[in-house]
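Trainee: no FASTA, just this:
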């Protein structure tokens, strides 16, 4: 949707960007299928995940097939002479670079599980690849396919990236403090899996004394965490100011996003929709 | 190597095909990484597999990253004006189609594990996707990038596909009767995992009476197979004539391959190397 709206606001028509938008959507879903295997998540949005239903082998292979389908969608751009070929080439090349950034972010995310020294900067580098890169590509490719100027393309890239950064931070907050019936994940799911999400990374690096020891012990222990452990962890995070920290940082990125969007100056109804969609994405309260 | 040799014999230079050849090699290795996870194989060529060394999560993600790298390699073709753009477009489009065929073949392969009614035709459809499609692409794309005629491109496609079919059949034979110290797999590895490889598919569909009951019981039982079970299975396969059947069929495909290659008429030293490489691939005796 982001890709189509940017294409429409820059060129007056969204149709040119359909192959790229389809590729982005399918790529995102491919990454979720593999993600669920990697995280051993059996449910997503209250439904069984692909591997939970069909086994790990078919799950991996289904993800691979969707990855191929994303490229098949994208490459239909080569059959058309609109936009000019140099823009099409760039869109194809940047798709590859984006998916590579995605894998690099995923690598960091997985490696954080066994690392004890994850800093806030490491975390930001991780979500820049894992989440922000694809949103940046969505808006950038929309502008590219709308044959916008290099400067406008860059602004839309910044806009999408900032939306992605803010979105992931909000997602991290919801992974701990979200309402399970809406997110479709059990309360404290990220804590239960000992994910090094932003609140945890922040708390681990800022707590001192007994609180620090307590949180570290819960995160390092091999045993399954009880409901009581989860409550204790949540309390420690709040005492560290992790919730405020993440909310403030998410707001900063949200402002950056809106600033870049203003500079890009999206015109017409699709410009309004772009602003609305951004607000909607970044004010999920569940 | 197949791709480069075909490009050289059709155009006099192999360099044009380097991006495609790199893409094929990396794609093949990506598929092995995911394959090893799907099959739960902990060793390949006497070395630990990626997932055995780094865990399933990093294994899946590493495969995904290599998949991306194969595309990055391929798309450097778009930066050059040699060969003509219509050939480049075809090479990119056929790469996607090939990788999709690969996933479809893999889907069948995995599903065969739990199916009891796999026929020889099902098996052939499976290896056409899983193995032959990539070899067919290697030779076809080499011809395409050598800017050969449509007829020559088609002959090289047939050649590569037939080499792939024969190669997989020989691989299946070695998976049961091969020398473990050379193949790097334990003796009877495919039987131990109850793989529905060609000898087994053939024997299950052709044996009758007590032999059929015995083989089916060994394949359907949930328990781990003992060395004695493996010996018994191998004897049943030989009694069914499965080894002769697979050798004859492999020879037929080998003849088809050489016939298509003769018709394509590869010239010069690279033509000779192409014939040598084919012979080498199809006469592995270990």
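Mentor: Yep, that arrived. Everything numeric in this text was worked out from a predicted model, so none of it was measured. Numbers count the residues shown, from 1 in each chain, chains lettered A, B, ... in the order given.
Trainee: pLDDT below threshold where in chain A?
Mentor: Within chain A, the ranges that satisfy pLDDT under 70 run A:181-186, A:284-286.
Trainee: so which residues of it form strands?
Mentor: Assigned by DSSP state E, the strands in chain A fall at A:43-44, A:47-48.
Trainee: what residue lies at the spatial centre of chain A?
Mentor: In chain A, the C-alpha nearest the mean C-alpha coordinate belongs to residue A:131, at 2.6 Å (CA atoms, centre = their mean).
Trainee: that one and residue B:40, how far apart?
Mentor: Distance of residue A:131 to residue B:40, computed by CB to CB, to the nearest Å: 31 Å. Where C-beta positions appear, they are placed from N, C-alpha and C, glycine not excepted.
Trainee: just residue A:61 next, same as before
Mentor: If you go by CB to CB, the gap between residue A:61 and residue B:40 works out to 14 Å.
Trainee: and residue A:212, by the same measure?
Mentor: Residue A:212 sits 40 Å away from residue B:40, taking CB to CB as the criterion.
Trainee: ok and the residue in the stretch 101-250 of chain A nearest chain B?
Mentor: Closest approach between the stretch 101-250 of chain A and chain B, counting by CB to the nearest CB: residue A:103, at 3.8 Å.
Trainee: JSON lines for the strands of chain A, including distance to chain B and mean neighbour count?
Mentor: Output for those, formatted as JSON lines (distance: least, CB to the nearest CB, whole Å; neighbours: other CB atoms under 10 Å in any protein chain shown):
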{"stretch": "strand A:43-44", "distance to chain B": "17", "mean neighbour count": "15"}
{"stretch": "strand A:47-48", "distance to chain B": "18", "mean neighbour count": "12"}
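Trainee: re earlier: the residue nearest to the centre of chain A reaches residue A:166, doesn't it?
Mentor: No - counting by CB atoms under 8 Å, residue A:131 stays clear of residue A:166, with 9.8 Å between them.
Trainee: which parts of the stretch 51-200 of chain A are helices?
Mentor: A:56-75, A:85-112, A:120-127, A:133-145, A:150-177, A:180-183, A:189-192, A:198-206 (DSSP state H, counting those that start in this stretch).
Trainee: so which of those is the most packed in?
Mentor: Ranked by mean neighbour count, these are led by helix A:133-145 with a mean of 29 (mean count of other CB atoms under 10 Å in any protein chain shown).
Trainee: okay, the angle between that one and helix A:85-112?
Mentor: 180 degrees (axes from the mean of the first three to the mean of the last three CA atoms, to 10 degrees).
Trainee: would you mind getting the angle between helix A:133-145 and helix A:120-127?
Mentor: With the same axes, to 10 degrees applied, the angle from helix A:133-145 to helix A:120-127 works out at 50 degrees.
Trainee: how far does helix A:133-145 sit from the chain's center?
Mentor: 14 Å (CA atoms, centre = their mean, to the nearest Å).
Trainee: what do you get for stretch A:239-251?
Mentor: Relative to its parent chain, stretch A:239-251 has a centroid offset of 18 Å by CA atoms, centre = their mean.
Trainee: what do you get for stretch A:244-263?
Mentor: With CA atoms, centre = their mean, you get 15 Å for stretch A:244-263.
Trainee: same check, this time on stretch A:214-231
Mentor: 26 Å.
Trainee: sweet, I'm off.
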